[in-house]
Every structure is written in C-alpha cells, then in structure tokens.
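Chemist: what's the 3D shape of this:
(one chain, ligands or ions: 1)
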Amino acid sequence: MMKSRHHRATGAAATFPRSVVSYLFKEQRFLFILLGALIASSFFLLHPFSSLPAHSTPDALVVQRRDKFPSFNLPRRVPTDLKKPGLRIVVTGGAGFVGSHLVDKLLARGDSVIVVDNFFTGRKDNLVHHFGNPRFELIRHDVVEPILLEVDQIYHLACPASPVNETIDYLFGISRASLVSSKVFLNKSHKTNVMGTLNMLGLAKRIGARFLLTSTSEVYGDPLEHPQKETYWGHVNPIGERSCYDEGKRTAETLTMDYHRGAGVEVRIARIFNTYGPRMCLDDGRVVSNFVAQVDGLVALMEGEHIGPFNLGNPGEFTMLELAEVVKETIDPSARIEFKPNTPDDPHMRKPDITKAKQLLHWEPKVSLRQGLPRMVSDFQKRILDEK
Ligand SMILES: O=c1ccn([C@@H]2O[C@H](COP(=O)(O)OP(=O)(O)O[C@H]3OC[C@@H](O)[C@H](O)[C@H]3O)[C@@H](O)[C@H]2O)c(=O)[nH]1
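Modeler: Take a look at the predicted model:
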C-alpha cells in the first residue's frame, strides 16, 4: 500500500512541469507574456532616462524620477506622519496666563492635552477656543488632592501666582486682591506648592511620565548676586510676607529633585522670570505669542535632555519708573506717577543670566522689553475699553 502511494505521488510530480510548459506555449501565451513585460519595463525604465543629461549621477536619477512621478514622494511622507502620534500631556494650572499659552502650543503641535485647574486665578475663557477639540479636556480639580491620569508628560504650573505681579497689576489699575483675597492666597500658596507638587510627582512616578516644574525667579529672593545664574542659592527670608511663594517654590524644587534621585522620575525645572503679556489679567483670546516666549523655553526644556534648573526670562533691565513712564505714555500722557513704599522683602534687582538656556536649550526671548511693553499696554488698554 505504502509503495503504490509513493509511486502515484512521484508520477504526479513528473507530469506537473510538463503540463505547465505545454499550457504556456499553447495559443501563443508565452509570446503575450513577453510582450507585456517588455512594454512595462520600457515605460518605467526608458522614459525617465530619455530626458536625462549625459552626466547624470545615480542621485540625479532619483531626483529626476521624483520630478516625473510625484507619487514617488508619497511613500516617504506617509510613514513619517504615522510614526509620530501626538503625546498625552497634563498641564496643571493650564487655565492661567502661562499655562493657557502652553496649551495652545501643545494642541497646535498635535498633542492631546488635559488641563487640571481649580480656577483659583485662572479662567475658562483662556481656554474656551479649545472647547469641542477632541484632543482637549478640562478638569476642575485642586492638585492638593491626588488625581490619577494616564499621560506621557506632566507640566506642573498650578500655583497661586506670585504677589510680585501686583506691581504690574497696580500700574494698570487692576488688583489681584479683587480676584483672590490675600488671606486665602497666603494659606493656599505653600500648601499647593508642597502637596500639589508631591501629588503630581507621585503621579509621574506611578505612570512613568516626565515631570516639569515651573519654578520661579523668586527662589533667588532679594539676590546678592547680579545677574542671577542658576548656580546662585538665593537670599530668601523664610518667615517674611513673600515666603509662602518663595519658599513654596524652593520646596517644590527640592521635592522634584528628591523624586528624581530617590525614585528615578525624569524631571525638568524651569525658573520663570517676570512674565508679562496678553491674558495676564484680562483675556479676549487673541494672542501675540511673542510675549510669552517662555512657553517655547518650557517645551524645549521638556523635550531636551537636561534637568535644569534653567532661567527663562528676559535679561533686558528696566526700572519701575521706566515701566511707569511707558505705561503713562501709552495709556494717558497726562497721568501722574505716584511713589509708594515697597512691599517688605521685595527684591531690589532681578536680571536672569540666560547663558545656560541659550547654550543647552537654544532658547532666548524673541521680543525685547522695550518693544514688548508698549504692545502689551495697548493690548490691555483695548481690552479694558472693550469690557466697559
Ligand atoms: O491651587 C491652585 C492654585 C492655582 N491654580 C491655577 O494655576 C494657574 C496659575 O496661573 P496664573 O495666571 O495665576 O499665573 P501664571 O500663569 O502667571 O504663573 C503660573 O505659571 C508659572 C509658574 O512659575 C507660576 O508659579 C504659576 O503661578 C491658574 O489657572 C490657577 O487657577 C490651581 O490650579 N490650583
């Protein structure tokens, strides 16, 4: 039985090639196949060559072929786009001034963004232009309570803003005190910096996300070194009126480095110097993005390899009197400048040394203060008038 089956199999194998050959030669099929192959190869090979200059190199051939057949470009482009899906990013304090500009940038880049904000000083209006975008989510949440989210990166900005902004607010006749009572601010600032930062670092550790802390120039206190390099340890009063913010941010930096050294969390630290621009106090959603070049610096820091800290600010210097003069000229040349005592522990001078950011992040501000301030003032003026 076994033998006869083997014979039958061998016989079938022997007849197979013969039947294929006879099939191909029947009715001149082979001739038609040859003819088809000849036409196809002459179209793809001979046609591009016919117009090539005599000295063409292999590279030139590729270029010529791309020009003649635009579809040659397509396979290159499609996989590149497919390979880079957007990141999932949390921005705490994303409804605030710096945060909302950062959110604009990340969404424009193609990332998915979740904003976590308790609207302490931030406003929904700053983000309203993203409502309806499927890559955008807004969660009302206080970061002093833990939250679990699945993301790749965390930008931690949530913090009651520095009292130092009051100087500028005062110049425009806008008081932050009307938004947030100073007592609430004092109680909240340190707690948010400590517990909020701990919670967000804990989240970063748990889900393996990269964490960026927006610290501040306030960590230098009333500096004895001028301008301030990142290596300067600062001159801060631990029990003063401003300490809640200054020491709060210093603690946040310490916690960030603890989680990096102790738990291996990938961290980044930015020290933001006085930021100014549209949406700082009022907002109509229209932005002159150059005002907030710091946002580009934050993204460069998050994407880069360096932990920091990095000073992000404008090294251009101006006195409060010069600032008041610019505001006066732009808003009301007949206005009178009043001199008042400084708030306790207010720094006498601040100027960032941004050499490190320039060298390692390739970042520096695009608009000088001299150019930027009048533009900001007129933007404010217009929006104040619009609101009346
Ligand atoms: O407990 C809080 C406090 C504040 N916030 C939010 O955090 C945001 C802070 O934004 P603000 O506009 O007040 O302040 P800014 O954007 O100017 O500065 C903010 O980002 C840069 C950091 O260096 C500052 O410390 C931070 O206040 C607001 O949206 C506020 O509602 C919280 O979500 N939780």
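Chemist: confidence score at residue 126?
Modeler: Looking at residue 126, its pLDDT is 92.
Chemist: low-confidence ranges in the stretch 51-200 of the chain?
Modeler: When residues are selected by pLDDT under 70, those of the stretch 51-200 of the chain lie in 51-84, 162-187.
Chemist: mind doing that once more with 80?
Modeler: Applying pLDDT under 80 to the stretch 51-200 of the chain picks out residues 51-85, 161-188.
Chemist: how about the residues of the stretch 51-200 of the chain near the ligand?
Modeler: Contacts of the stretch 51-200 of the chain with the ligand, taken as CB under 6 Å from any ligand atom, map to 92-93, 95-99, 117-122, 142-143, 157-161, 188, 192. Bear in mind the C-beta positions are built from the backbone N, C-alpha and C, glycine included.
Chemist: would you mind checking the residues you listed for buried ones?
Modeler: Among those, those classed as buried by 16 or more other CB atoms under 10 Å are 92-93, 95-99, 117-118, 120-122, 142-143, 157-161, 188, 192.
Chemist: looking at those residues, which are in helices?
Modeler: Members of those lying in helices (criterion: DSSP state H): 97-99, 188.
Chemist: was I right to think residue 88 contacts residue 154?
Modeler: No - the pair residue 88 and residue 154 fails to qualify as a contact (CB atoms under 8 Å) at a distance of 10.2 Å.
Chemist: out of those two, which sits in the more crowded spot?
Modeler: Under the criterion of other CB atoms under 10 Å, the comparison of residue 88 against residue 154 puts residue 154 first, with 25 against 17.
Chemist: need the contact list for the closest residue to residue 217 other than its chain neighbours.
Modeler: Nearest in space to residue 217, with sequence neighbours left out and distances taken as CB to CB, 6 or more residues apart in numbering, is residue 273 at 4.3 Å. The contact partners of residue 273, by CB atoms under 8 Å, 6 or more residues apart in numbering, come to 216-217, 311-314, 350, 352.
Chemist: nearest to the ligand, of these?
Modeler: Nearest to the ligand out of the contacts of residue 273 is residue 216 (CB to the nearest ligand atom; 4.6 Å).
Chemist: give me the neighbour count for that closest one.
Modeler: If we define neighbours as other CB under 10 Å, then residue 216 has 26 of them.
Chemist: elements contacting the helix or strand harbouring residue 249?
Modeler: Take DSSP states H and E as the rule and residue 249 turns out to sit in helix 243-263. Using 3 or more CB pairs under 8 Å, 6 or more residues apart in numbering; DSSP states H and E, the elements in contact with helix 243-263 are helix 182-191, helix 197-207, strand 210-216, strand 267-272.
Chemist: alpha carbons of that helix, as CSV, please.
Modeler: This file holds the C-alpha atoms of helix 243-263, laid out as CSV (Å, rounded to 0.1, in the frame of the first residue of the first chain):
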residue,chain,number,x,y,z
SER,A,243,7.9,83.5,51.9
CYS,A,244,4.8,81.5,51.1
TYR,A,245,5.6,81.8,47.4
ASP,A,246,9.4,81.9,47.5
GLU,A,247,9.9,79.1,50.0
GLY,A,248,7.0,77.2,48.5
LYS,A,249,8.7,77.1,45.1
ARG,A,250,12.0,76.3,46.7
THR,A,251,10.4,73.3,48.5
ALA,A,252,8.8,72.3,45.2
GLU,A,253,12.3,72.2,43.5
THR,A,254,13.6,70.1,46.4
LEU,A,255,10.8,67.6,46.1
THR,A,256,11.3,67.4,42.4
MET,A,257,15.0,66.6,42.8
ASP,A,258,14.1,64.1,45.6
TYR,A,259,11.8,62.2,43.3
HIS,A,260,14.5,62.2,40.6
ARG,A,261,17.3,60.9,42.8
GLY,A,262,15.2,58.7,45.0
ALA,A,263,12.6,57.3,42.6
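Chemist: what angle sits between that helix and strand 210-216?
Modeler: Between the axes of helix 243-263 and strand 210-216, defined by axes from the mean of the first three to the mean of the last three CA atoms, to 10 degrees, the angle is 150 degrees.
Chemist: quick one: mean pLDDT for helix 243-263?
Modeler: The pLDDT scores in helix 243-263 average 94.
Chemist: and the angle from it to strand 267-272?
Modeler: For helix 243-263 against strand 267-272, the angle by the same axes, to 10 degrees is 160 degrees.
Chemist: close to the ligand, is helix 243-263?
Modeler: No - with CB under 6 Å from any ligand atom as the measure, helix 243-263 is seen stopping short of the ligand, the closest distance being 6.7 Å.
Chemist: and which of the ones in helices among the buried ones among the residues of the stretch 51-200 of the chain next to the ligand is nearest to residue 242?
Modeler: For those, the minimum distance to residue 242 (CB to CB) is 14.5 Å, reached by residue 188.
Chemist: report the spatially closest residue to the closest one, excluding sequence-adjacent ones.
Modeler: In space, residue 188 is closest to residue 160, 5.1 Å off (CB to CB, 6+ apart).
Chemist: now do the one you found against residue 122, distance only.
Modeler: 11 Å (CB to CB, to the nearest Å).
Chemist: gap between the residue nearest to residue 217 and the ligand?
Modeler: For residue 273, the distance to the ligand equals 9 Å [CB to the nearest ligand atom, to the nearest Å].
Chemist: quick check: phi and psi at residue 136.
Modeler: Dihedral pair for residue 136: phi -120, psi 140, per degrees, to the nearest 10.
Chemist: pretty sure it sits against residue 107.
Modeler: Yes - using CB under 8 Å, residue 136 is in contact with residue 107, at 6.1 Å.
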